[in-house]
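Enquirer: Pasting a predicted model and its sequence here:
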Amino acid sequence: MITSLVKKQKDFFSSGSTKDLKFRKTYLKKLQKALTYYEDQICDTLYEDFKKPKFESLASETQFVLFELKEALKNIDSWSRPKRVSGTWINFPSSDWIYSEPYGNVLIMAPWNYPFLLSLSPLIGALAAGNTAILKPSEFTPATSGIITKIIAEIFPEEYVTVIEGGIKESQELLSQKFDYIFFTGSTKVGKIVYQKAAENLTPVTLELGGKSPCIIDNTVSIPVTAKRIAWGKFLNCGQTCIAPDYLLVHKDVKTKLVEALIKSIKELYGNSPQESPDLARIAHNSHYNTLKEMLIGEQLLFGGDFNDKTLFISPALVDEPDLKSKIMEDEIFGPLLPIISYDSEEDIKKHLSHYGKPLALYIFSKNKKFRERLLNGYSFGGGVINDTLLHITNSKLPFGGVGASGVGHYQGKYSFESFSHQKSIIKKRFWPEIPFRYAPYKVTEKIAKKLKYLFN
């Protein structure tokens with residue numbers, strides 16, 4: 001089934017239909033209309049899958065996607081238009097251009113933590129660029145995957161866009177096909193598998209992965225504001241956010257005050273009994289829930305850490321000074337557990353940051369501009385925010401992506417369109433005038449060759 005479906009999509013792409021801008025706009029508008037119509041039902045499925053609060057579903061999933069659609073429809077003409085660039089003297093007279101062309105048949109593999117956003121957002125970029133697409137949503141959020149399948153089937157013929165539901169078996173079968181581009185969001189571990197499979201066919205990829213994103217707090221900050229912004233960024237979606245602060249490195253002089261302020265902020269956000277709060281999601285599936293529970297074994301808790309096995313509830317937990325070799329500091333946490341580690345000098349910060357690979361995000365809370373700039377310029381990471389968390393993903397004019405183990409490539413807005421497009425270089429020449437010195441025999445013109453470098457500028 002999957003093999004024949006891939007062939008149908010490749011044949012449809014070869015027909016040239018998706019290269020027509022009017023065709024692309026028509027289907028993007030249909031998608032926009034359908035998502036607006038189904039928005040409440042989408043929020044209901046997100047709640048069914050892991051009790052995601054409706055505000056979070058709207059703000060971080062459906063409205064985010066609708067904004068991406070609006071941006072694509074507004075800008076698709078200019079994004080698609082050939083871009084003229086300046087030429088060189090060696091080619092004079094000529095006109096030099098960059099043409100954007102779609103890759104062809106693409107595979108989009110989405111995760112479970114933002115199952116709607118991270119399925120539809122890359123899909124919009126793929127369609128705006130003129131590709132056909134197969135979308136593989138997560139099996140761990142079946143209700144949301146189901147409504148995505150329903151919406152896509154209502155709008156698109158399967159030879160243009162279709163959804164393949166299922167688990168590891170279906171993912172393996174998809175990865176055994178020869179796609180023209182693969183877009184994967186998920187863990188670094190699985191990302192490596194996807195990369196290896198793509199390499200067999202030299203298929204280009206975007207990999208949106210993760211890592212242990214640090215949050216550094218010095219002794220110049222406003223403690224109450226810092227605490228509230230960290231608590232919001234960390235516990236949004238119950239900590240199941242790839243760019244959530246994974247651990248805090250806080251100056252020893254303000255650690256006690258920050259912990260007190262964090263506890264106060266958590267209570268303000270979710271009440272004295274977070275389990276009863278309608279504003280805190282649950283863990284998406286059993287396997288990850290059990291992993292998070294294991295992370296707390298043997299750790300010193302400053303606050304929280306309550307569990308409910310029936311509802312997959314974990315309350316926001318503050319963990320005091322875990323060892324770098326502990327389970328909670330081994331891998332990305334991806335849940336409502338927040339390790340707090342004190343530092344005394346920038347050497348201490350370096351020891352911790354250099355222990356891990358390049359993270360997807362880095363956050364710095366400080367009024368000290370020189371300190372901030374040293375950190376920004378001294379470490380490699382995907383993106384970040386000064387004196388807040390998560391917000392860099394909200395600006396579609398900024399590319400979103402990782403580096404090294406946290407990802408390959410980037411997307412969002414125009415960057416999504418570019419990720420799903422091959423940039424084709426074109427030089428246009430006339431038949432006159434004809435420059436004779438480039439042709440053999442070279443004896444007369446060989447002295448000119450050493451000076452050619454000046455003609456390239």
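Expert: Nice, thanks for sending it over. Residues are numbered from 1 along each chain as shown.
Enquirer: got the contact list for the most centrally placed residue in the chain?
Expert: The chain has E208 as the residue nearest its centroid, 4.7 Å off, counting by Cα atoms, centre = their mean. Contacts for E208 (Cβ atoms under 8 Å, 6 or more residues apart in numbering) come out as L118, F183, F184, T185, G186, C242, F400, G401, G402, G407, G409, Y411. Yep, even glycine has a C-beta here, placed from its N, CA and C like the rest.
Enquirer: Repeat the analysis, applying 7 Å as the threshold.
Expert: Listed by Cβ atoms under 7 Å, 6 or more residues apart in numbering, the contact set of E208 reads T185, G401, G402, G407.
Enquirer: Same check on I223?
Expert: Each residue near I223 by Cβ under 7 Å, 6+ apart is listed here: V254, K257, L258, A261.
Enquirer: what's in contact with the host helix or strand of Q63?
Expert: Counting by DSSP states H and E, the secondary-structure element that holds Q63 is helix 63-80. Judged by Cβ under 7 Å, 6+ apart, the contacts made with helix 63-80 from elsewhere in the structure are 21, 24-25, 28-29, 31-32, 35-36, 100, 116-117, 120-121, 124, 128, 396, 413-414, 417.
Enquirer: When you filter those residues down to buried only, what's left?
Expert: The neighbour-count criterion (16 or more other Cβ atoms under 10 Å) marks 24-25, 28, 31-32, 35, 100, 116-117, 120-121, 124, 128, 396, 413-414, 417 among the contacts of helix 63-80 as buried.
Enquirer: Of those, which belong to helices?
Expert: 24-25, 28, 31-32, 35, 117, 120-121, 124, 128, 414, 417 (DSSP state H).
Enquirer: would a markdown table of the residues you listed with distance to G104 and pLDDT be doable?
Expert: Formatted as a markdown table, the entries for those read as follows, by distance: Cβ to Cβ, whole Å; pLDDT from 0 to 100:
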| residue | distance to G104 | pLDDT |
| --- | --- | --- |
| R24 | 15 | 98 |
| K25 | 20 | 98 |
| L28 | 19 | 98 |
| L31 | 20 | 98 |
| Q32 | 24 | 98 |
| L35 | 25 | 98 |
| L117 | 25 | 97 |
| L120 | 20 | 98 |
| S121 | 20 | 97 |
| I124 | 17 | 98 |
| A128 | 15 | 98 |
| K414 | 20 | 96 |
| F417 | 15 | 97 |
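Enquirer: Using TSV, lay out these together with distance to V163.
Expert: Shown next, in TSV, are these (distance: Cβ to Cβ, whole Å):
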residue	distance to V163
R24	19
K25	22
L28	17
L31	13
Q32	18
L35	14
L117	15
L120	11
S121	15
I124	15
A128	19
K414	26
F417	22
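Enquirer: who wins for neighbours among the contacts of E208?
Expert: When neighbours are taken as other Cβ atoms under 10 Å, the top entry among those is G402 (29 neighbours).
Enquirer: Identify the residue nearest it in space, chain neighbours excluded?
Expert: In this structure, G402 finds its nearest non-sequential neighbour in G382, 4.0 Å apart by Cβ to Cβ, 6 or more residues apart in numbering.
Enquirer: Contacts only, for that neighbour.
Expert: Contacts here follow Cβ under 7 Å, 6+ apart; on that basis G382 touches P359, L360, A361, G401, G402, V403, S406, G407.
Enquirer: So of those residues, which two are at opposite extremes in space?
Expert: Checking the contacts of G382 against each other with Cβ to Cβ, the farthest-apart pair comes out as P359 and G401, at 12.3 Å.
Enquirer: picking up where we left off before, out of the contacts of E208, which comes closest to K83?
Expert: When the contacts of E208 are ranked by distance to K83 (Cβ to Cβ), G401 comes first, at 21.8 Å.
Enquirer: which residues touch the nearest residue to the closest one once chain neighbours are set aside?
Expert: Across the structure, with Cβ to Cβ, 6+ apart as the measure, the residue nearest G401 apart from its sequence neighbours is H410 (2.9 Å). Residues touching H410, when contacts are defined by Cβ under 7 Å, 6+ apart, comprise P399, F400, G401, S419.
Enquirer: For the stretch 51-200 of the chain, which segments count as strands?
Expert: In order along the chain, the stretch 51-200 of the chain carries the following strands (DSSP state E, counting those that start in this stretch): 83-85, 94-102, 105-109, 132-136, 161-163, 181-185.
Enquirer: okay if I get those as CSV plus distance to P433 and mean pLDDT?
Expert: Rendered in CSV, the data for the strands of the stretch 51-200 of the chain read as follows (distance: least, Cβ to Cβ, whole Å; pLDDT from 0 to 100):
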stretch, distance to P433, mean pLDDT
strand 83-85, 21, 94
strand 94-102, 12, 95
strand 105-109, 44, 98
strand 132-136, 44, 98
strand 161-163, 49, 98
strand 181-185, 41, 98
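Enquirer: nearest to K293, of those strands?
Expert: Checking the strands of the stretch 51-200 of the chain against K293 by Cβ to Cβ gives strand 181-185 as the closest, at 24.9 Å.
Enquirer: Would you mark the buried spots in that closest one?
Expert: Residues Y181, I182, F183, F184, T185 are the ones in strand 181-185 that count as buried (16+ other Cβ under 10 Å).
Enquirer: Stretch 323-331 too?
Expert: Neighbour count says stretch 323-331 has K327, I328, M329, D331 buried, by 16+ other Cβ under 10 Å.
Enquirer: quick one, phi/psi of I283?
Expert: phi -70, psi 140 (degrees, to the nearest 10).
Enquirer: ugh, wrong one, I meant N387
Expert: Dihedral angles for N387 - degrees, to the nearest 10 - are phi 60, psi 30.
Enquirer: Leaving out the residues flanking it, which one is nearest to it?
Expert: Counting by Cβ to Cβ, 6+ apart, the residue nearest N387 is F365, at 5.5 Å.
Enquirer: Okay, and the beta partners of the one you found?
Expert: With DSSP bridges as the criterion, F365 is bridged to I217.
Enquirer: Repeat that for W97.
Expert: W97 has these beta-bridge partners by DSSP bridges: R84, I426.
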